[in-house]
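Engineer: Pasted the sequence and its predicted model underneath.
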Number of protein chains: 2
Amino acid sequence: MSRQPDPSRRSEQSRQAILAAAADLCMEIGYAATTVEAIAARAGVGKQTIYRWWPSKAAVLLEYMRRIRDARLGFADTGDVRADLLAQTTAVQTLFGTNLGAVWRGLLIAAQSDDVAAGDVRAFLEVAVTEAKARLAKAQQAGELRADADLDMTVEIIFGPLYHAWLLRARPLPEAYMKDVLDLVFDGLKPGEGGTAAPQG
Amino acid sequence: MSRQPDPSRRSEQSRQAILAAAADLCMEIGYAATTVEAIAARAGVGKQTIYRWWPSKAAVLLEYMRRIRDARLGFADTGDVRADLLAQTTAVQTLFGTNLGAVWRGLLIAAQSDDVAAGDVRAFLEVAVTEAKARLAKAQQAGELRADADLDMTVEIIFGPLYHAWLLRARPLPEAYMKDVLDLVFDGLKPGEGGTAAPQG
């Protein structure tokens, strides 16, 4: 209950204001138009305040992504890998529809043309892949996942469809999209033994 | 064996030279730096020759993509859907390593920021999806694919991993990448009945 000013807390509040301003701008005007100047103006700070903490716009936005990921995109381990993957990937799908999606889309594009951003974005992506692989490795040890499944490929099989639909096709996705993807990839696309082959009505 | 000049043939030769120049430039200097001026200089034609046939750089490159697709990326129907998908997706993977990959990468990025290119690129992508869905629908009728599999989602499950690995992660892929993906998604990620759950050595 101290009323003394707390510099580290004020500094964290400024950082949060800058991160939120950057993410909102990406959603409203797009990644390319979101300059450090515009972020500073929106957050009500000087440009130099931003450069004191981050070397570039991409670095600001990656910190925003990192905080959301740490807070909301971890993998649970309930002993049921399909349920845990469903919870995590559904959270990813939901966030793609928010300003996080706009930020991530902008960073993925920047990674294709800007070498500095590319290294940071790929490193961020590889952390996400590593976290997913850790959960899948436990599933493999528990006998919930084929022992011969390559884990990098398995991550691509689980997340690739969502990226294909969201980033490339930009098609609206049903809420249960990831449930159906996980059912298809875990159970397999081939008809079950004794299953009928008749197409749907 | 006529030696008379054939204007339509000469015109087609010019078009081919322009398409090849555009694709080569994308590979060498990247999509962004590949201007209509640079394409004209490389092809040895005037800029106006290009604009007579195409409204934009994106339109030139999409025609290049379309010609390659029509010539080399069709789906066979041998009655074995996994073999037909393997042949087609392996051809896609191989082409991603050539100047076609550089062109397609550039167009996919342009589609994220340039509204005119976006419409054309998405339309091109949807034609590819429609062709894949037609092959999958036959597999469903032949009992080779689960009758309840949504075909848009199935296309995303088959092509999503390749795009995730190539476009986002930019990781080198083994030659048999698509064979292993198809085995995993058709047979399913869950261990087979009576299969062992022991992780690989």
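Structural biologist: Looks like it arrived, so ask away.

Engineer: Let me know whether A:Glu144 touches A:Thr154 as I believe.
Structural biologist: No: counting by CB atoms under 8 Å, A:Glu144 does not reach A:Thr154; the two are 11.7 Å apart. Heads up, the C-betas are built off the backbone N, CA and C, glycines and all.

Engineer: Show me which of the two is the more surrounded one.
Structural biologist: Using other CB atoms under 10 Å in any protein chain shown as the criterion, A:Glu144 and A:Thr154 rank with A:Thr154 on top: 23 against 19.

Engineer: Spit out the contact partners of the more buried one.
Structural biologist: Applying CB atoms under 8 Å, 6 or more residues apart in numbering or on different chains to A:Thr154 gives the contacts A:133, A:136, A:145, B:184, B:189.

Engineer: how big is the angle separating the host helix or strand of it from helix B:151-163?
Structural biologist: Using DSSP states H and E, the element containing A:Thr154 is helix A:151-163. Interaxial angle of helix A:151-163 relative to helix B:151-163 (axes from the mean of the first three to the mean of the last three CA atoms, to 10 degrees): 130 degrees.

Engineer: Just the CA trace of helix A:151-163, in PDB.
Structural biologist: Taking Å, rounded to 0.1, in the frame of the first residue of the first chain, the C-alpha atoms of helix A:151-163 are listed here in PDB:
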ATOM      1  CA  LEU A 151       7.900 -34.800 -34.300                       C
ATOM      2  CA  ASP A 152       8.800 -31.900 -36.600                       C
ATOM      3  CA  MET A 153       6.500 -33.400 -39.200                       C
ATOM      4  CA  THR A 154       3.800 -34.000 -36.700                       C
ATOM      5  CA  VAL A 155       3.800 -30.400 -35.600                       C
ATOM      6  CA  GLU A 156       3.500 -29.400 -39.300                       C
ATOM      7  CA  ILE A 157       0.600 -31.800 -39.700                       C
ATOM      8  CA  ILE A 158      -1.200 -30.400 -36.700                       C
ATOM      9  CA  PHE A 159      -0.600 -26.600 -37.300                       C
ATOM     10  CA  GLY A 160      -0.100 -26.700 -41.100                       C
ATOM     11  CA  PRO A 161      -3.800 -27.000 -41.900                       C
ATOM     12  CA  LEU A 162      -4.700 -24.000 -39.700                       C
ATOM     13  CA  TYR A 163      -2.000 -21.800 -41.300                       C
END
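
Engineer: And the next helix or strand past that helix?
Structural biologist: Next helix or strand after helix A:151-163 toward the C-terminus (DSSP H and E): helix A:177-187.

Engineer: which residues are contacting that next one?
Structural biologist: A:82, A:85-86, A:89-90, A:93, A:157-158, A:161-162, A:165, A:174, B:146, B:149-150, B:153-154, B:156-157, B:184-185, B:188-190.

Engineer: again, only using 6 Å
Structural biologist: Residues outside helix A:177-187 that contact it (CB atoms under 6 Å, 6 or more residues apart in numbering or on different chains): A:82, A:85-86, A:89-90, A:93, A:157, A:161, B:149, B:185, B:188-190.

Engineer: now that helix and helix A:151-163, what's the angle there?
Structural biologist: Using the same axes, to 10 degrees: helix A:177-187 against helix A:151-163 is 140 degrees.

Engineer: Rounded mean pLDDT for the helix holding A:Thr154, please.
Structural biologist: Throughout helix A:151-163, pLDDT has a mean value of 98.

Engineer: got it, and stretch A:182-190?
Structural biologist: pLDDT averaged over stretch A:182-190 gives 97.

Engineer: what comes up buried for it?
Structural biologist: A:182-186, A:188-190 (16 or more other CB atoms under 10 Å in any protein chain shown).

Engineer: Would you confirm that A:Pro191 contacts B:Arg146?
Structural biologist: Yes: if you go by CB atoms under 6 Å, A:Pro191 and B:Arg146 touch, sitting 5.3 Å apart.

Engineer: These two - which one has more neighbours?
Structural biologist: Each of A:Pro191 and B:Arg146 has its neighbours counted (other CB under 10 Å); B:Arg146 has more, 21 against 18.

Engineer: Let's have the contacts of helix A:177-187 in TSV, adding distance to A:Gly106.
Structural biologist: Formatted as TSV, the contacts of helix A:177-187 follow (distance: CB to CB, whole Å):
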residue	distance to A:Gly106
A:Arg82	32
A:Leu85	26
A:Leu86	27
A:Thr89	21
A:Thr90	23
A:Gln93	18
A:Ile157	26
A:Pro161	22
B:Ala149	33
B:Val185	30
B:Gly188	36
B:Leu189	32
B:Lys190	37
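
Engineer: Just name the closest of the residues you listed to A:Phe75, please.
Structural biologist: Taking CB to CB as the measure, A:Phe75 lies nearest A:Leu85 of the contacts of helix A:177-187, at 7.6 Å.

Engineer: who's in contact with the closest one?
Structural biologist: Counting by CB under 6 Å, 6+ apart, A:Leu85 makes contact with A:Leu182.

Engineer: The helix or strand encompassing it: what's the following helix or strand?
Structural biologist: Secondary structure assignment for A:Leu85, by DSSP H and E: helix A:81-96. As assigned by DSSP H and E, the chain's next helix or strand after helix A:81-96 is helix A:99-113.
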